[in-house]
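[1] dropping the sequence and predicted coords here.
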Amino acid sequence: MTYLHALTTIFVLHFRGNANLWIVFGVSLSIVPLIAVITWITTQSPDSQPIAYISVGVILMAMWQTCVFFSGRSLASEFYEGTVDYTMVSRIPLRVVMLVKSVATLAIAIPSSLIAFATVQIVSRELIDVERPLFLLVSMLVAAWSITVVGYLFAPLFVLVQGRGGFFNAFQPLGIVLSGFLYPISQLSDEVQIVARLLPTSWAMDSVTRSIEPGESLVRIYADWGAALGVSVVMLAATLFMFSKVENTLRRNGNVGRF
């Protein structure tokens, strides 16, 4: 019970410390104009399916923009703020603390996601038609978890490579493309599609698409869920390995508190 209370406290403190209007405004300012333009272009087509695709994709894109940056900087922030010393000596492993913070960051991204969705609806003036609402809900949860896992991966990676300002600038737009948030990755070249399949978000987005469109096989949706969760497990294992490298280096070199 004490362990659970500690994890809940970490979640609440991280959420309170980072959930503010400036984050929502900053993320929205960076993506709303792009979403508005893409939506307007899409409305020129008589087919309503692309609007449904984008309506859901922009929700995940907003989550991606927030999670990759703030989750990726979570461990580095411990160094900058001088709190990594206390985290290292606590009963809860550093990797668990960072995972809880990544989940809290996902919650922080919800307002920006809703703003992104509302932008599509305002510009398109169309209500999306979903073939399987329950499957779409599960697919969105799988996609949200996949985004959390990718953001969590960047936490130790950022420290190991000693990343500085601008480190995430290349990864955020690249991840949007490879995840297929704005258009299916099937439109990419075969070589790029192979790279995209290394991200769990690409599989999750496929399940989102198949949940929206009529006539899709349930088996394919189940397979997409399994692939997304499977890749997430592999990515989690890699992240935990990197965290062990960070912790061992800190203890061996006595560099706790410095980054």
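    Thanks, I have the structure now.
[2] hey, where'd the strands end up in the stretch 1-150 of the chain?
    Using DSSP state E, counting those that start in this stretch, no strands are found in the stretch 1-150 of the chain.
[3] how far away is the residue lying closest to I59 once chain neighbours are set aside from S55?
    Leaving aside its chain neighbours, I59 sits nearest to S113 (4.4 Å; criterion: Cβ to Cβ, 6 or more residues apart in numbering). Just so you know, the C-beta spots here come from the backbone N, C-alpha and C atoms, and that holds for glycine as well. For S113, the distance to S55 equals 11 Å [Cβ to Cβ, to the nearest Å].
[4] residues touching T39, list them.
    Listed by Cβ atoms under 8 Å, 6 or more residues apart in numbering, the contact set of T39 reads 51, 54, 119-120, 123-124.
[5] low-confidence stretches in this protein?
    1-3, 5-6, 19-24, 27, 46-48, 85-86, 162-168, 251-259 (pLDDT under 70).
[6] center of it, which residue is that?
    Centroid-nearest residue in the chain, with Cα atoms, centre = their mean: I147, separated by 2.6 Å.
[7] residues in contact with stretch 133-142?
    By Cβ under 8 Å, 6+ apart, stretch 133-142 touches 56, 59-60, 130, 204, 207-208, 210-212, 218, 221, 224-225, 228-229.
[8] one more pass at 6 Å, please.
    The contact list for stretch 133-142, computed with Cβ atoms under 6 Å, 6 or more residues apart in numbering, reads 130, 204, 207-208, 211, 221, 225, 228.
[9] re earlier: to what extent is the residue nearest to I59 buried, counted in neighbours?
    23 (other Cβ atoms under 10 Å).
[10] do F135 as well
    For F135, using other Cβ under 10 Å, the count is 20.
[11] which elements pack onto the longest helix seen in the chain?
    Criterion DSSP state H: the longest helix present in the chain is helix 218-253. When contacts are defined as 3 or more Cβ pairs under 6 Å, 6 or more residues apart in numbering; DSSP states H and E, helix 218-253 sits against helix 94-108, helix 133-160, helix 200-212.
[12] need the ones you listed in JSON lines (columns: distance to Q65).
    Output for the helices and strands packed on helix 218-253, formatted as JSON lines (distance: least, Cβ to Cβ, whole Å):
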{"stretch": "helix 94-108", "distance to Q65": "11"}
{"stretch": "helix 133-160", "distance to Q65": "10"}
{"stretch": "helix 200-212", "distance to Q65": "13"}
